[in-house]
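In: this one's structure only:
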Ligand code: CA
C-alpha cells in the first residue's frame, strides 16, 4: 500500500514546495495530504488523524504556530515538524514550548525532510506510522495502545489488544482462526484455534455494543461497522 508508513499532513502554502515534499514522502512510502490554507489545517487533522504533520510557519488564515498551539491546547499530540523560512523563527518555536517535535529551515533538502519525519515518528511514543483506526464507534490507537469509544476507554490485555488491532487494521477482511493464530500469536496449530475463540469472546464481553467483531460462520472473524 502506498501509505503503509502512515499519513502525513503537509500544511504548506507554496505549491512548488508542497509538490516536492509530497512526491518525496510518497516515494518513501507515506500517504500524503496537502493543505494550503492554515485555517483548514485543524479540521484536516481532526478528520484525517495523520501520523505526523509537516507545518509551515508562515501560512494564510492561521499561522503554523497558532495551529500547533490549538492542537496542543486540545490535547492533540500528533507529532509536528515545523518548516520555517528563517533561523530566528526556530528560536521562537523552541521558546514558545509548543510541543514541536522537530523543525527544518528553508531551503531544505527533501531527503533530509523525509529522514526527519521518520525520526519524529520513531521518537514519539508508539508504533511508527500507524494512525488510529476507527470501526463503527470504536477507535484503536496502536501508538498509545488505547481503545475507546467517545469518552469511554476499554482496558484490554496485550493479547486482546493485538488481536483487535489486527482485525481493525483491515476492516471487512475475513481472517480464519489459523491466520489469526499465526499472525497475532506467531504460531500455527489447529488445536490452538480454540484460543482465538476464547479471546474473541473476552473482547466482545468487554466491548459490549461497540464491538466491531463479526463471526463469519465456517470461516472466521472480521471487524466491521455493525
Ligand atoms: Ca509559507
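Out: Sure, I can see it. Only a predicted model underlies this, so the values are computations on that prediction, with no experimental measurement involved. Numbering: from 1, shown residues only.

In: Only C-alpha atoms from now on, for both contacts and neighbour counts.
Out: OK.

In: contact partners of the worst-scoring helix or strand of the chain on mean pLDDT?
Out: When each helix and strand of the chain is scored by mean pLDDT, DSSP states H and E, helix 87-95 comes last, with a mean of 75. For helix 87-95, contacts defined as Cα atoms under 8 Å, 6 or more residues apart in numbering pick out 65, 84, 100, 103, 105.

In: so which of these are also by the ion?
Out: Contacts with the ion are made by none of these, judged by Cα under 5 Å from the ion.

In: What separation do you get for the most centrally placed residue in the chain and residue 211?
Out: For the chain, the residue nearest the mean C-alpha position is residue 131 (1.6 Å; Cα atoms, centre = their mean). For residue 131, the distance to residue 211 equals 20 Å [Cα to Cα, to the nearest Å].

In: Show me where this structure dips below the pLDDT cut-off.
Out: Applying pLDDT under 70 to the chain flags the ranges 1-4, 95, 99, 123-130, 186-192.

In: where exactly do the strands run in it?
Out: Counting by DSSP state E, the segments of the chain that form strands are 7-11, 31-35, 52-56, 80-84, 102-105, 133-135, 138-141, 146-149, 152-154, 175-176, 213-216, 220-223.

In: ok, now which ones touch the closest residue to the ion within the chain?
Out: The nearest approach of the chain to the ion comes at residue 58, 4.1 Å away (Cα to the ion). Listed by Cα under 8 Å, 6+ apart, the contact set of residue 58 reads 64, 84-85.

In: what do you get if the cut-off is 7 Å, keeping everything else the same?
Out: Residue 58 makes contact with residue 64, according to Cα atoms under 7 Å, 6 or more residues apart in numbering.

In: Could you check how far it is from residue 119?
Out: Residue 58 is 24 Å from residue 119, by Cα to Cα.

In: Can you name the residues of the protein that neighbour the ion?
Out: Residues of the chain found near the ion (Cα under 5 Å from the ion) are 58-59.

In: any chance you could map the helices in the chain?
Out: Listed in chain order, the helices of the chain (DSSP state H) span 15-27, 38-48, 64-73, 87-95, 110-123, 158-168, 177-180, 193-207.

In: Make TSV from those helices and add mean neighbour count to it.
Out: What follows is those, written out as TSV (neighbours: other Cα atoms under 10 Å):
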stretch	mean neighbour count
helix 15-27	16
helix 38-48	16
helix 64-73	18
helix 87-95	14
helix 110-123	17
helix 158-168	19
helix 177-180	19
helix 193-207	16
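
In: Can you lay out those helices as JSON lines showing distance to residue 143?
Out: Formatted as JSON lines, the helices of the chain follow (distance: least, Cα to Cα, whole Å):
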{"stretch": "helix 15-27", "distance to residue 143": "21"}
{"stretch": "helix 38-48", "distance to residue 143": "16"}
{"stretch": "helix 64-73", "distance to residue 143": "17"}
{"stretch": "helix 87-95", "distance to residue 143": "25"}
{"stretch": "helix 110-123", "distance to residue 143": "10"}
{"stretch": "helix 158-168", "distance to residue 143": "11"}
{"stretch": "helix 177-180", "distance to residue 143": "21"}
{"stretch": "helix 193-207", "distance to residue 143": "19"}
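
In: and residue 9, which of these is closest to it?
Out: Residue 9 sits nearest to helix 38-48 of all the helices of the chain, at 7.5 Å, using Cα to Cα.

In: since we're on residue 14, how many residues are nearby?
Out: 12 (other Cα atoms under 10 Å).
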